[in-house]
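Chemist: Build the 3D model from these lines:
(chains A, B and C)
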Amino acid sequence: MARIRLEELRKTFGPVVAVDDLTLSIEDGEFFALLGPSGCGKTTTLRLVAGLERPTHGRIFIGEREVTDLPPQARDVAMVFQDYALYPHMTVMENIGYPLRVRRYPRAEIERRVREVAEVLQIADLLDRRPGQLSGGQQQRAAVARALVYQPQAFLFDEPLSNLDAKLRLEARSFLKHLQKSLGITTIYVTHDQAEAMALADRIGVMDRGRLLQVGTPLEIYRRPRNTFVATFIGSPPMNLIRCRFHSAEAVLALEDGQAIALGERGEALRRAFRDGEPLWLGVRPEHLSLAEGPGPTHLSARVYAVEPLGVETLVTVQINNERIALRLSMDEPPVLREQVWVRVPMERALFFRENGELAL
Amino acid sequence: MSAFRMILSRLAFSIFTTLCGAFFALPMLWLLLAPFNARGTLAVEIPRPFTLENFERVFANTFAMRALLNSLILAGGTMITVTLVATLAAYALSRAEVPYYDLLTYGLILFSSVVTGTAAMVPIFLLANALGLVDTYLGVIMVFTGGLLPTAIFILRDFVEGLPRSYEESAMVSGASPWQMVRDVVMPLLRPGMMVVGIWTFVQVWGAFLVPFVLLRTPERMPAAIAIYSFYTEAGTPILTLTSAYALLYAIPVLALYLFVNARYGFRFFGGIKR
Amino acid sequence: MVQRRPILSPAVGMLFLLPALGFVLVFLVFPSLWVLQISLTNQTLTGEAALRPQFVGLANFQALFDFENWMIRGYFGNALRNAVFFVIGSALIGQAGLGLAIAWAFHRRRGLLREALYTLVILAWIIPDVVVAFMWVAYLDRDQGTLNAILSTLRLGRVDWLIDHPLLSIIIFNTWRGTAFSMLLFSSALATLPPSYLEAAAVAGASAWQAFRDIILPSIRSHIITDLVLITLWTFNTFTPYLITGGGPTFRSEVVSIYTFRIAFQHFEFGRGAAVAVVMMVINLILALIYLSTLRREAVAR
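Modeler: Residues are numbered from 1 along each chain as shown, chains lettered A, B, ... in the order given. All right, here's what the predicted structure looks like:
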């Protein structure tokens, strides 16, 4: 077990920059999720740590040891692949024991350790089968067992749950979290699923186009996304971004259709951060919005666009001018389609992003 | 389509199929009947009297049996060499990201298509002569290997390209050395491809006449393809009873391999190339 | 497609490639170059010229293309003409035509009949050379042969095939021997065509022949070119007819491959044999280049 440090890591494929000057430190025993859309460089980063790619520039440390130029064999990490990569010609026992076999452990020792790990992962009764005879969830556990069996310095997961169906995914998710916490092995977990990252990780790193945009605990990232990309990537439905213009004198935000929202107590802070007339993005999470009876200083007039009852709550999409805004409401009598409603914007919870997407307040 | 045209097209199909069947089957009948006939004949006729004596006499002929063993040595030796060497090469070409990989494989195919048949035998005979490989099994096996390798690599290339890289990457991260990875993971996964190439090589060498005919001298080293011409009377006419029985024995392994491949994989193309 | 770090390092890759490169260099590349040099000498197997072959320039080639005697039986022109007839008759018309006809007749058909016919055609292709040679010598025999037995039953009279029509005999033989490749290639090409192609044509009112000519043939054009080039190459180089007619009688079925064999391995005139080999390889090279350029064009088109 060890901390992992990446220093100014850079990887280019020809003209394409896959990973761009990435510096990151992952603590001993931490569960770290790399989150981003496909092609953002998260898997390349993971493969750089594993040694499956050679960095164009920068250094990688596992523990106190620099491993930048070491081949994968010498890094003492374990990786679980998206397709599990269980060898079809070996039994589950042989698959799990393979890392020990190449380390020339005695046969009896291999068998003892495999049984031990299989016990933990609850696949002890499947050891004589071949991977083709296992269900998706069982294959996933076998792949994790193979990673676990040689007690590596770190675990690397490449979207390990993406091949499971929705129900199994939830099950496997809590199992993985439990396992990682009880073993305390440093883990890097790559995913494009923000809910998975939120649920599993101690800290999340959000990536886009090769850059690490923000690192923080799930709640930090959820509450204070550093820019509009992170704001809209995290959360389901994502944060609403409403295009406005700041009017300093009146201390209001003007929407494009002429409606205005009073800034109240936050007016002073905005005056310091924005110029008069400067365009900006007002960011509000759907669960913070509510419906009001009538007009008010922070109420916006809108028309109901869609209503989706989800059971616990109801997802309501309203339309203001050409912009759509999502609300998560827990109410018994939701509005009906095309009805005119008043949306209350809680200014104390709102975030303000500059026109270029950076968080200002 | 009218009923009349339907019948006409059925009829045309039946006639065509019958003619094709006859064209391909008729020449083979002799091989199925003559070996069991006590009288040597070139005709296709019910064996009268039916006998297995021809086979007994062939089995008793140590020279002929030795020739079948020689064929086995040559075909088996070439099969092992070609399969191993081609697997390593196809794997390296794909996974070491050899520059101009495509050009190289096509270049190899080009060479093997150009340097073939009797034209190739002229320099190859002189080369074997210079290297002291004339009249040795090793010489025949090496000449066959050189000729068959490019196509074998070409066939195996498809199998290697079809292998997901995560198997090998997983082995590497698990700590396996390149050789362990190839031995434990890659070779077993490539087994179907190696089988195809192995069987293809075996059949090529087992049935070949020209290369051993040119390169071998000593009668005891001759494979069955050449030994079959030893069943001649002193007057120089073939002893048809023995020749036909021996021909059937000699053809049986190929038929068995065909049935095996057909049942196991279905007989089809790999890389769309060469018999 | 994302580039990846090679799984094998260049050094290990080279190690794995080395045996194959060795075989190919020694037994393919070197001979193909050496034969050029030999073709410019008077090397023989025995005697003075075996020990100290002399440089004779282009004399061997001049002898081959000596247009005075060019077409006399036993000379190169005669072998070349026979080879042209042999390739056109047995490969281009026989194998490709029959292969396409069978593949088309059994397109979208399954069952025992297809299995049986395909097995027969494939067996004709894979049985060892000498065995098929004996089969055909028996089949074409003047007195006892099956073919004549059938012809005389039909009151068409007996023909001494191997004596009176040796070239035709090996053309028919080679059609029988090699149809399987074309049949299999065209079958798999046809199998890749979506059924909607033909259904659309049928709905549009096209006859079976029109659909075949206007839709099927253009769709498998590249397969046809591939097939024609490859079977031409193989037919041009095949030595098996020698086992049936020996090139005779009086060189009437002597094709270029048999001519080469006779000069090099029966007369042991390696210089002249090498010269014919060079000519054969040049012809092979042209055919192979046509093949590769169509493959390339296919790859680019895809």
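
Chemist: show me the contacts for residue 117.
Modeler: Picking chain A for this. Contact criterion C-beta atoms under 8 Å, 6 or more residues apart in numbering or on different chains gives A:96, A:145, A:148, A:149 as the residues in contact with residue A:117. Yep, even glycine has a C-beta here, placed from its N, CA and C like the rest.

Chemist: Correction: the question concerned chain C.
Modeler: Contacts for residue C:117 were tallied using C-beta under 8 Å, 6+ apart; they are B:17, B:20, B:21, B:24, C:102, C:106.

Chemist: In which helix or strand does it reside?
Modeler: Mapping residue C:117 onto the secondary structure by DSSP states H and E places it in helix C:112-126.

Chemist: count of neighbours near residue C:172?
Modeler: The number of residues packed near residue C:172 is 21, by other C-beta atoms under 10 Å in any protein chain shown.

Chemist: rewinding a little: ranking the contacts of residue A:117 by neighbours, who comes first?
Modeler: With neighbours defined as other C-beta under 10 Å, the most crowded of these is residue A:96; it has 30 neighbours.

Chemist: Touching, residue B:223 and residue B:74? I think so.
Modeler: Yes. At 5.6 Å, residue B:223 counts as touching residue B:74 under the criterion of C-beta atoms under 8 Å.

Chemist: Mind telling me which residue of the stretch 51-200 of chain C is nearest chain A?
Modeler: In the stretch 51-200 of chain C, no residue comes nearer to chain A than residue C:188, which is 26.4 Å away by C-beta to the nearest C-beta.

Chemist: quick one, helices of the stretch 1-150 of chain C?
Modeler: Read by DSSP state H, counting those that start in this stretch, the stretch 1-150 of chain C holds these helices, from start to end of the chain: C:10-24, C:30-38, C:48-51, C:59-64, C:76-86, C:96-105, C:112-126, C:129-139, C:146-153.

Chemist: farthest pair in the contacts of residue A:117?
Modeler: Across these, the two members that end up farthest from each other (C-beta to C-beta) are A:96 and A:148, 8.4 Å apart.

Chemist: Please list all residues in contact with residue A:337.
Modeler: Residues touching residue A:337, when contacts are defined by C-beta under 8 Å, 6+ apart, comprise A:304, A:305, A:306, A:307.

Chemist: Can you flag the buried ones in these?
Modeler: Restricting the contacts of residue A:337 to buried positions leaves A:304, A:307, with burial counted as 16 or more other C-beta atoms under 10 Å in any protein chain shown.

Chemist: Buried ones from the contacts of residue C:117, can you make that a ChimeraX selection?
Modeler: Buried residues within these, as defined by 16+ other C-beta under 10 Å, are selected in ChimeraX through the command that follows:
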select /B:17,20,24 /C:102,106
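
Chemist: what does the stretch 151-300 of chain C have sitting close to chain B?
Modeler: C:176, C:179-181, C:184-185, C:188, C:208, C:226, C:230, C:233-234, C:237-240, C:243, C:257-258, C:260-261, C:264-265, C:270, C:273-274, C:276-278, C:280-281, C:284-285, C:287-289, C:291-292, C:295 (C-beta under 8 Å from any C-beta of the partner chain).

Chemist: Surely residue C:50 is in contact with residue C:44?
Modeler: Yes. A contact is recorded between residue C:50 and residue C:44 when judged using C-beta under 8 Å, the distance being 5.3 Å.

Chemist: quick one, which of the two is more surrounded?
Modeler: For the pair residue C:50 and residue C:44, the greater number of neighbours falls to residue C:44 (18 against 14), based on other C-beta under 10 Å.

Chemist: Need the pLDDT of that one.
Modeler: Residue C:44 carries a pLDDT value of 79.

Chemist: Residue C:52 is in contact with that one, correct?
Modeler: No. Counting by C-beta under 8 Å, residue C:44 does not reach residue C:52; the two are 10.9 Å apart.

Chemist: returning to that earlier point: what about the residue of the stretch 51-200 of chain C closest to chain A, neighbour count?
Modeler: Taking other C-beta under 10 Å as the criterion, the count of residues near residue C:188 is 15.

Chemist: Over to residue A:239?
Modeler: For residue A:239, the count of nearby residues is 22 (other C-beta under 10 Å).

Chemist: next one: the one 10 residues further on
Modeler: Here the count is done by other C-beta under 10 Å, and residue A:249 has 7 residues near it.

Chemist: Might one say that it is in contact with residue A:271?
Modeler: No. With contact defined as C-beta under 8 Å, residue A:249 and residue A:271 do not form a contacting pair (9.8 Å).

Chemist: Give me the common contacts of these two.
Modeler: Common neighbours of residue A:249 and residue A:271 are not found (criterion: C-beta under 8 Å, 6+ apart).

Chemist: give me phi/psi at whichever residue of the stretch 251-361 of chain A sits closest to chain B?
Modeler: Scanning the stretch 251-361 of chain A for proximity to chain B using C-beta to the nearest C-beta identifies residue A:357 as nearest, at 35.6 Å. With angles defined as degrees, to the nearest 10, residue A:357 shows backbone torsions of phi 100, psi -10.

Chemist: Next one, pLDDT for the closest residue in space to residue B:239 that isn't next to it in sequence please.
Modeler: Computed as C-beta to C-beta, 6 or more residues apart in numbering or on different chains, the closest residue to residue B:239 that is not its neighbour in sequence is residue B:231, at 4.6 Å. Residue B:231 is assigned a pLDDT of 81 by the prediction.

Chemist: check contacts around residue B:231.
Modeler: Neighbour list for residue B:231: B:64, B:238, B:239, B:242, B:243, B:246 [criterion: C-beta under 8 Å, 6+ apart].

Chemist: hmm, try it at 7 Å
Modeler: B:238, B:239, B:242, B:243, B:246 (C-beta atoms under 7 Å, 6 or more residues apart in numbering or on different chains).

Chemist: follow-up on the earlier one: relative to helix C:96-105, how tilted is the helix holding residue C:117?
Modeler: Put simply, helix C:112-126 runs at 160 degrees to helix C:96-105, going by axes from the mean of the first three to the mean of the last three C-alpha atoms, to 10 degrees.

Chemist: Buried ones in stretch C:176-193, by neighbour count?
Modeler: Result for stretch C:176-193 [16+ other C-beta under 10 Å]: buried residues C:176-187, C:189-190.

Chemist: Among the residues you listed, which one sits closest to residue B:70?
Modeler: residue C:177 (24.6 Å).

Chemist: Is that closest one part of a helix or strand, or is it coil?
Modeler: Using DSSP: H, G, I helix; E, B strand; the rest coil, the structure places residue C:177 in helix.

Chemist: wait, it sits on residue C:124?
Modeler: Yes. Under the contact definition of C-beta atoms under 7 Å, residue C:177 touches residue C:124, with a separation of 6.0 Å.

Chemist: Which residues of chain A lie near chain B?
Modeler: Taking C-beta under 7 Å from any C-beta of the partner chain as the contact definition, chain A meets chain B at A:50, A:52, A:72-73, A:77-79, A:81, A:83, A:85, A:87, A:89, A:98-99, A:102-103.

Chemist: Looking at these, which one is closest to residue A:213?
Modeler: residue A:50 (22.8 Å).

Chemist: Show the model's pLDDT score for that closest one.
Modeler: 91.

Chemist: Do I have it right that it meets residue A:72?
Modeler: Yes. Using C-beta under 7 Å, residue A:50 and residue A:72 qualify as a contacting pair, with a distance of 5.6 Å.

Chemist: Find the residues that touch each one of the two.
Modeler: With contacts defined as C-beta under 7 Å, 6+ apart, the residues adjacent to both residue A:50 and residue A:72 are residue B:173.

Chemist: mind listing what's buried in the longest helix along chain C?
Modeler: Counting residues, the longest helix in chain C under DSSP state H turns out to be helix C:270-301. If you call a residue buried by 16+ other C-beta under 10 Å, then helix C:270-301 has these buried ones: C:270-281, C:283-285, C:287-288, C:290-292, C:294-295.

Chemist: do the same with stretch C:81-89
Modeler: Residues of stretch C:81-89 classed as buried: C:82, C:83, C:85, C:86, C:87, C:89 (neighbour count, 16+ other C-beta under 10 Å).

Chemist: ok, now stretch A:331-342?
Modeler: Of all the residues in stretch A:331-342, those buried under the rule 16+ other C-beta under 10 Å are A:334, A:335, A:341, A:342.
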